[in-house]
Structure formats: structure tokens, C-alpha cells
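> Just to be clear, the model below is a prediction. Sequence and coordinates:
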Amino acid sequence: MKKRILLPVLCLLALCSCEDILEVQDISNESVVLLAPAENTVVTDSVVNFVWNEIPDVDIDAYRVQIATPSFESAAQIVLDSTLTLDSTFIGTRVSQKLSNRAYQWRVKAINSAFETAFTVNDFTVDVPSN
């Protein structure tokens, strides 16, 4: 009985190469589109919702999201540096962060098991009116 089952399985495996089984999409030429806050936006709420588009028709394992003030080139502070793994606990393309009044940059890149995109970067300012 074992030989009857084993032979068809071995034949099926012989038809598929390891490359076919382990092929990972090269996403290095893809770009994450940042939706909000958009470039040079002034946000008037201290809780900022960061939203980006997923890369369509591509398997993504995670997104790396970073926020710096005032910019990444001259960062006084990295406010957020998080890798959001896409699984049953995180399914989506958004994150929220409470921020103080000042200038910021935020950026996102997509990651799979073998490749990653470049960061896409937007500048924005938080200016919550005082009461």
C-alpha cells in the first residue's frame, strides 16, 4: 500500500523543481504609495493616522514604517520604527501615532522573504490649535 501512494507523490515532486516551489517575487522595483498624511500636509489632530496602499498582486510579508522629526537626514528623534508583519494579528496598511506640534517625515517600505522596496517618504507638520 505504501508503494502505491509513494510512487505518485515522487512523480509529482519530480515534475516540480525546487525553484518553482521556493520562488519569491522580486519587489525591489515596486513602490509603496503613501496616502495620508500626504506630502506637505498640516495635520490639526495630535493622533495622526498613517495610511498607504498595498502593492497589488504581490506577496508582502511586512511593512516597515518609520517617523522622524524633523527629517531623516537631520533626525532629532525617531518617533516610530516598526515592522508590521502581515498575519492574523495585523492585516492592513495603516497605523496611528500620537504626535506633538512640529515637522515630521514618515516613510514606508514593503518587505517579503527575499526582497524589499525602497522607502517612500512624505513630509508633514502637526499643528494642533491650542484651546
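Great, that's in hand.

> what's the neighbour count on the closest residue to Asn29 other than its chain neighbours?
In this structure, Asn29 finds its nearest non-sequential neighbour in Thr117, 8.0 Å apart by C-beta to C-beta, 6 or more residues apart in numbering. From N, CA and C alone the C-beta is placed, and that goes for glycine too. Applying other C-beta atoms under 10 Å, we find 21 residues neighbouring Thr117.

> Also Ser46?
Using other C-beta under 10 Å, Ser46 has 12 neighbouring residues.

> Surely it is in contact with Ser96?
No. Look at Ser46 against Ser96 with C-beta atoms under 8 Å: they stay out of range, at 10.6 Å.

> buried sites along stretch 74-88?
79, 84, 86 (16 or more other C-beta atoms under 10 Å).

> same question, stretch 117-130
Here stretch 117-130 shows 117, 119-122, 124-126 as buried, counting by 16+ other C-beta under 10 Å.

> Need the contact partners of that stretch.
Contacting residues not belonging to stretch 117-130 are listed as 27-34, 37-46, 48, 52, 55, 64, 66, 71-72, 99-111 [C-beta atoms under 8 Å, 6 or more residues apart in numbering].

> What subset of these is buried?
Using 16+ other C-beta under 10 Å as the threshold, 27, 30, 32, 34, 37, 43, 48, 52, 55, 64, 66, 99, 104-111 are the buried ones among those.

> Show me which of the buried residues of stretch 117-130 is closest to Ile60.
Thr117 (9.1 Å; C-beta to C-beta).

> phi, psi of the residue nearest to Asn29?
phi -90, psi 170 (degrees, to the nearest 10).
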